[in-house]
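S.K.: Predicted model, plus sequence, below.
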Amino acid sequence: MSLISIRMPEDLEQVLRPVLERDPDKGTEWLRAGFEARLVELYQQWQALRISTARFAELLGVSPWELADLLRDRGLKTTNLPG
Amino acid sequence: MTSDIASSVFVFDSSPLVASCQFAVGSRAVAEIALVGADVRIPPAVYAEVVTRGGSRPDARLAAGLITAGYIHVTDATVVGLALEDLQYYQLGHGEQEALTLTMRLGNRAVIVTDDFLALIVASRLSVSCQLFLDFVIGRARRGELTVTESQAIVRAVSPRYPSGFVPHSLAMLRTLL
């Protein structure tokens, strides 16, 4: 696992810092949960045709290649075609 | 929508381009078989999504190589005209917007190739010719630009990508060409 820096709003930092000081692994857990929740939210919008494939990638902040990998790795549909 | 257009210009958005570089027939990527010899164009936004954002990934480098080798041409829609205002009503990505605009500006000979259902619907509403990647392959087989055997192999290779029905139907269409 690698170490990365993320900019954090002050109000959120006040809440998160004490927790992270007690349990640094919580950050990983939150990051994963937040990303997966966003992925699911956008996936549902994509399947409902509220957003397109490229827009899905843009909103998730990944490239179309990474989006294809993410969907395939999770066993999700890789197009928004019906059926 | 259309599936059989003679001497066309094919404008790809990122969805079929990415898929055709990720799936292979034997040791060759689908894109290396399916796209070669066709007049394939992409707008700059698709280039950015696929090549620039793809970085050093092997599949992205393959797409970049096809562009460098002249099998895919980057064509700027803004040289031909303004972006389509109608697209503002939809949550399309930049690549799809530019691909639709470019297809519209290139006129009757141009077809957008996309596997995005929303982009297909928008294209249809704008009377822009559009087709799935599967139909691009079938069209090339119909025109004798790909052999039926090659086309069947391509369709089978990309089959994990499509919902049930699309691949068996495509293979049935190809069988009629034998």
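M.R.: In hand now; what should we look at?
S.K.: where are the low-confidence patches of chain B?
M.R.: Flagging of chain B using pLDDT under 70 yields the residue ranges B:1-7, B:79-83.
S.K.: Can you name the helix or strand that the closest residue in space to B:Tyr90 that isn't next to it in sequence falls in?
M.R.: Leaving aside its sequence neighbours, B:Tyr90 sits nearest to B:Val122 (CB to CB, 6 or more residues apart in numbering or on different chains; 5.5 Å). Quick note: C-beta positions are derived from backbone N, CA and C, even for glycine. Using DSSP states H and E, B:Val122 maps to helix B:117-125.
S.K.: what separates the helix or strand that that helix is followed by from the chain centre, distance-wise?
M.R.: Following helix B:117-125 in sequence order, the next helix or strand is strand B:130-131 (DSSP H and E). Averaging C-alpha positions (CA atoms, centre = their mean, to the nearest Å) puts strand B:130-131 8 Å from its chain's average.
S.K.: can you pull out the helices in chain A?
M.R.: For chain A, applying DSSP state H gives helices covering A:10-22, A:25-47, A:53-60, A:64-73.
S.K.: Can you redo those as JSON lines, where the extra columns are distance to B:Glu85 and mean neighbour count?
M.R.: Conversion of the helices of chain A to JSON lines gives the following (distance: least, CB to CB, whole Å; neighbours: other CB atoms under 10 Å in any protein chain shown):
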{"stretch": "helix A:10-22", "distance to B:Glu85": "39", "mean neighbour count": "10"}
{"stretch": "helix A:25-47", "distance to B:Glu85": "23", "mean neighbour count": "14"}
{"stretch": "helix A:53-60", "distance to B:Glu85": "18", "mean neighbour count": "24"}
{"stretch": "helix A:64-73", "distance to B:Glu85": "25", "mean neighbour count": "19"}
